[in-house]
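Engineer: Here you go, sequence then predicted model.
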Amino acid sequence: MDIIDIIEKKKNGEELSKEEIKYFIDKYTNDEITDYQAAALIMAICIQGMTKEEILELTMCMVDSGEKIDFSDIEGKIIDKHSTGGVGDKVTLIAMPIVASLGIPVAKMSGRGLGITGGTIDKLESIPGYNVNIDVDTFKKNVKDIGISLIGQTDNLAPADKKIYALRDAIGCTNSLPLIASSVMSKKIAAGAEGIVLEVTYGSGSFMPNKTRAEEIARMMMMIGKMAKKEVKCVITNMNEPLGKCVGNSLEIIEVINALDGKIQADVYDVVFEVCTQIMIMSGKYSDEIKCRKAIKEKIKNGEAKKKFIELVRTQGGDVSYIENPDKFEKAPIIAPVVADKAGYVEKLNAGKVGKAGVKLGIGRMKKEDPIDHRVGIVFEKKVGDKVKKGDILCYVHGNNPEKTTECVQEIIAAYKMGSKRKEEKVVSKVI
């Protein structure tokens, strides 16, 4: 068997055998296949697609490429949560402390930014001292001791996926449904969760262009979950405009803190409440959606959700003074307003254009080895449905370089479309 033959076969649209998929995963994990050869195969998969059987085999080979975590010694049903990605999506960082404050254990491994979509791990690392790289034993101990731990993917958990994930970002293969489904589910299965709630996004700020494609990948991941004997629910969400007020790592952490203080943006609120509700019902502790929502509101109102977030940060080495006083976060050296040149209602705020502008600004990565600047980002004052007067500030761009900031301002202006009538889009479209 030879990697060149496997690349040729998939390039020609043929179905790979179980043995060929296993050969690729084993050899690439052990550095016996080069990045450029792996990139060629990934590109062929992205163009030609995969059958159901290929997707299942790829997922399980990635699961088997490393260790699997066993949470059987922890009381309570472990429910994992994952998002397929979006611009300004900080749902995990709000929802999981709420869930943990309700006595449902949270053991979550998250990823870094991929393409235009932000990464939970990048956001957590904007909190000085927060350690996303703790070992599995410490990860499990934290879940047992305080009921929550949020970390990056360990080197030994689905290592094949970790390598492929980084490579996909660098070669423009982030939107392949088979690769997204196998990546998400291999991590979730290896991480030991009994149930999985997936936030599946669609629209200009997502890898899925429309609701139909989002439902397609949702059912693909549910199929994988069924095979692995995992309960899976999918919350389909609209990512045609950025989620919430802020896009950018430390800026989104500040928005998370405000949300846990009860000052939560309406669109973020809708997604957080739906995700939390599905996790609570899946845990077996709740069966009524109305009771779920009442309990969520109570944990925000009484401050217990924020206390749990502070406990998480402290336990993983983060400086909690930044959570208690968000003004401590370092500000970007340039803060430039984006001004409306005409009146009307915001009809569209293209999340894809915002995401691309943000990557250039330094929020995300153009190449897998690129550093990011936690300070930079965009803070929106006007979003879809808002009334705008000429001269109003649409948003502020937080930049670190005059030229990049000016370029970002121009791209954000292009992302806005004004209309004469008020228009709104529902954020949570469907739960399957």
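Structural biologist: Done, it's in. The structure presented is a predicted model; accordingly, all values stated were derived computationally and were not measured. Numbers count the residues shown, from 1 in each chain.
Engineer: which residues in the protein form strands?
Structural biologist: Using DSSP state E, the strands found in the chain span residues 79-83, 106-110, 148-152, 195-202, 231-238, 246-247, 334-339, 344-349, 377-380, 387-388, 393-399, 416-419, 428-431.
Engineer: In its sheet, which strands sit next to the second one, and in what direction?
Structural biologist: Going back to what we said before, that points to strand 106-110. strand 148-152 (parallel) (DSSP bridges).
Engineer: for the last one, same thing?
Structural biologist: Each strand paired with strand 428-431, and its direction, by DSSP bridges: strand 231-238 (antiparallel).
Engineer: Pull out the buried residues from the partner strand.
Structural biologist: Within strand 231-238, the residues scored as buried using 16 or more other C-beta atoms under 10 Å are Val232, Lys233, Cys234, Val235, Ile236, Thr237, Asn238. (C-beta placed from N, C-alpha, C; glycine too.)
Engineer: show me what contacts Ser204?
Structural biologist: Ser204 is in contact with Met239, Asn240, Asn350, Ala351, Gly352, Lys353, counting by C-beta atoms under 8 Å, 6 or more residues apart in numbering.
Engineer: typo on my end, it should be Lys417
Structural biologist: Lys417 sits in contact with Val346, Glu347, Lys348, Leu349, Asn350, where contact means C-beta under 8 Å, 6+ apart.
Engineer: Now rank those by neighbours and give me the top one.
Structural biologist: Leu349 (25 neighbours; other C-beta atoms under 10 Å).
Engineer: Correct me if wrong: it contacts Tyr416.
Structural biologist: Yes: between Leu349 and Tyr416 there is a contact under C-beta atoms under 8 Å: 5.8 Å.
Engineer: and among the strands of the chain, the most buried is which?
Structural biologist: Neighbour counts (mean count of other C-beta atoms under 10 Å) averaged over each of the strands of the chain peak at strand 246-247, with a mean of 30.
Engineer: before we move on, back to that, and of the strands of the chain, who's closest to Asp270?
Structural biologist: In terms of C-beta to C-beta, the element of those nearest to Asp270 is strand 428-431, at 5.2 Å.
Engineer: Quick check: mean pLDDT of the closest one?
Structural biologist: Across strand 428-431, pLDDT averages out at 90.
Engineer: what residues does it touch?
Structural biologist: Residues contacting strand 428-431 (C-beta under 8 Å, 6+ apart): 202, 211, 214-215, 233-238, 270-271, 274, 278.
Engineer: check contacts around Val339.
Structural biologist: Gly391, Asp392, Ile393, Leu394.
Engineer: one more time with 10 Å, if that's ok
Structural biologist: Counting by C-beta atoms under 10 Å, 6 or more residues apart in numbering, Val339 makes contact with Lys390, Gly391, Asp392, Ile393, Leu394, Cys395, Val409, Ile413.
Engineer: of all those, which two lie farthest apart?
Structural biologist: Based on C-beta to C-beta, the longest span within the contacts of Val339 runs between Lys390 and Val409 and measures 16.9 Å.
Engineer: Comparing the two, which residue is more hemmed in?
Structural biologist: Val409 (21 against 11).
Engineer: looking at it, that one is touching Val354, isn't it?
Structural biologist: No: counting by C-beta atoms under 10 Å, Val409 does not reach Val354; the two are 11.9 Å apart.
Engineer: Identify the contacts common to these two.
Structural biologist: Shared contacts of Val409 and Val354, counting by C-beta under 10 Å, 6+ apart, come down to Ile378, Cys395.
Engineer: Walk me through the domains of the chain.
Structural biologist: 3-49, 79-324, 330-419 (automatic domain parsing).
Engineer: got the residue ranges for the helices in the stretch 151-300 of the chain?
Structural biologist: 159-171, 177-190, 211-227, 249-260, 266-283, 289-301 (DSSP state H, counting those that start in this stretch).
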